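J.: Sequence and computational prediction follow.
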Amino acid sequence: MNLNLNTTIRLRFQQFRVGGLCLVTLLFFGWSSQGQQLETYVEEAIINNPNIQAVEKQYAISTEKISETNTLPNTEFSGGYMIGSEMPMMQQGQFSVMQMLPWFGTVSARGDYAAAMADADFLEIEIAKRKIAMVLSQSYYRLYKIEKKQEVLDSNIKLLQVYERMALTSVEVGQASAVSVLRLQMRQNELMERKLVLEQDYAAELTAFNKIMNRDEIAQISIVDSLIMPEKDSDIDFASLSLHPELRKFEELNKVVSQADALNKKESAPGFGVGMEYMLYNEAPNMLMPMVTLSIPIFNKKYKSIAKQNNLKHEELDIQKQGSQNSLIAQLQTAVRNRNAARISFETQEKNLIQAQNANEILLKNYETGTIDFREVLDVQELQLNFQINRIEAIGAYFNQVSIINYFMGTN
């Protein structure tokens, strides 16, 4: 009995020890498939996510408004006819048509303004796509953490079952108390409870993941077997933040204001119209008279006010851009700090796990001599479980911060 238990427990310890060595190999081969899986999900989400579709519709509306500007004011028709007794030399009727025309270049200025608005809306699509990629990636990594925690709990429950059999054997030969068995059983119940809670967490997160992709909430997904931290973190070029769409949008909005100012100047110019009037007389030849009309904005305070507002709008956008840039830099710096902290935590947990495994081996040797203390077994097992969970948390936190960095840097 002791021989079988010793063999089993040695196998368990060996699994924990070689796990760290095999992890690098397994993760290396899993990294490529993980990237492909996640990229496929992101592409699907970008196509199907309703938020992106709504932004794309808004851009389509803005684009259509360019055609709307290539129009002239409504053509005006008017006419009148006198009903009653005829009077010599009196006008019997009158019909006219008039078409107002904007000042030269006004129509093209309106088109340029609408095109600038469409360009600004187009950047909203890129922003929305980056955000969806970030949110979906973070949900994916949360699913990974939950799944790996479940696997760790399963492994620890099996290890506790081995310890329980060891304790029962020790009780039979009078080397341990039945309380030790009960402690081990209670610990198993506690871990089983945590596993059941994780199952609920996984179901909720899976629903959130699928809804980002706009598909059925119970649709299953493929999670990579292992994640690996790269040997070296990518360098961060904070200067490249100037290319971020959230900042580029301010440049496009400045162009919108510039086009609005140009349009305001065109609209402040005189307007003119051309037309034709046809007059009918009782006892005289009918007359056809061409007409021209001119509209002069004598009271032009409105246009001067709009010009001043546009200047103030330029200043406002410059200030907003500076504030947004400061915020993006601070957020990116925080993400880099958290990524580096996650790497430090991961490396620390790796060291702690090796020491916990060494402690397990010492306890096993004590069992062979009949001096094992199962309270120490539980303490070491709890430490080892915490280190394993913390390592999973560190990996998840690392890639969670990478997804945030990718949002800012525009990388995948």
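T.: Thanks, I have it.

J.: Where do the helices of the stretch 251-400 of the chain begin and end?
T.: For the stretch 251-400 of the chain, applying DSSP state H, counting those that start in this stretch gives helices covering 301-369, 374-409.

J.: For residue 344, the count of nearby residues, please.
T.: Residue 344 sits with 11 neighbouring residues when counted by other CB atoms under 10 Å. Where C-beta positions appear, they are placed from N, C-alpha and C, glycine not excepted.

J.: quick revisit: quick one: which of the helices of the stretch 251-400 of the chain is nearest residue 141?
T.: Distances from residue 141 to each of those were compared using CB to CB; the minimum, 4.8 Å, belongs to helix 374-409.

J.: who does the closest one touch, helix- and strand-wise?
T.: The elements that helix 374-409 packs onto, with contact taken as 3 or more CB pairs under 8 Å, 6 or more residues apart in numbering; DSSP states H and E, are helix 106-172, helix 178-212, helix 301-369.

J.: What's the separation between the residue nearest to the spatial centre of the chain and residue 238?
T.: With the centre of the chain defined as its mean C-alpha position, the nearest residue by CA atoms, centre = their mean is residue 131, 1.8 Å away. Going from residue 131 to residue 238 by CB to CB, to the nearest Å gives 20 Å.

J.: and what of residue 151?
T.: The span separating residue 151 from residue 238 equals 38 Å under the rule CB to CB.

J.: Residue 148 touches residue 392, doesn't it?
T.: Yes - with contacts counted by CB atoms under 8 Å, residue 148 reaches residue 392, the gap being 4.8 Å.

J.: thinking the residue nearest to the centre of the chain is in contact with residue 406, fair?
T.: No - applying CB under 8 Å, one finds residue 131 not in contact with residue 406, separated by 11.1 Å.

J.: how many neighbours does residue 231 have?
T.: One way to gauge burial is a neighbour count; for residue 231, by other CB under 10 Å, it gives 6.

J.: ditto for residue 107
T.: Applying the criterion other CB under 10 Å, we find 16 residues in the vicinity of residue 107.

J.: so it touches residue 69, yeah?
T.: Yes - when contacts are counted by CB under 8 Å, residue 107 is listed as touching residue 69 (6.7 Å).

J.: Can you give me the separation between the closest residue to residue 270 other than its chain neighbours and residue 192?
T.: When the adjacent residues along the chain are set aside, residue 270 lies closest to residue 296, with 4.8 Å between them (CB to CB, 6 or more residues apart in numbering). Going from residue 296 to residue 192 by CB to CB gives 87 Å.

J.: In terms of neighbours, single out the busier of those two.
T.: Relative neighbour count places residue 192 above the other of residue 296 and residue 192, with 13 against 10, counting by other CB under 10 Å.

J.: and the more buried one, what does it touch?
T.: For residue 192, the contacting residues are 153, 157, by CB atoms under 8 Å, 6 or more residues apart in numbering.
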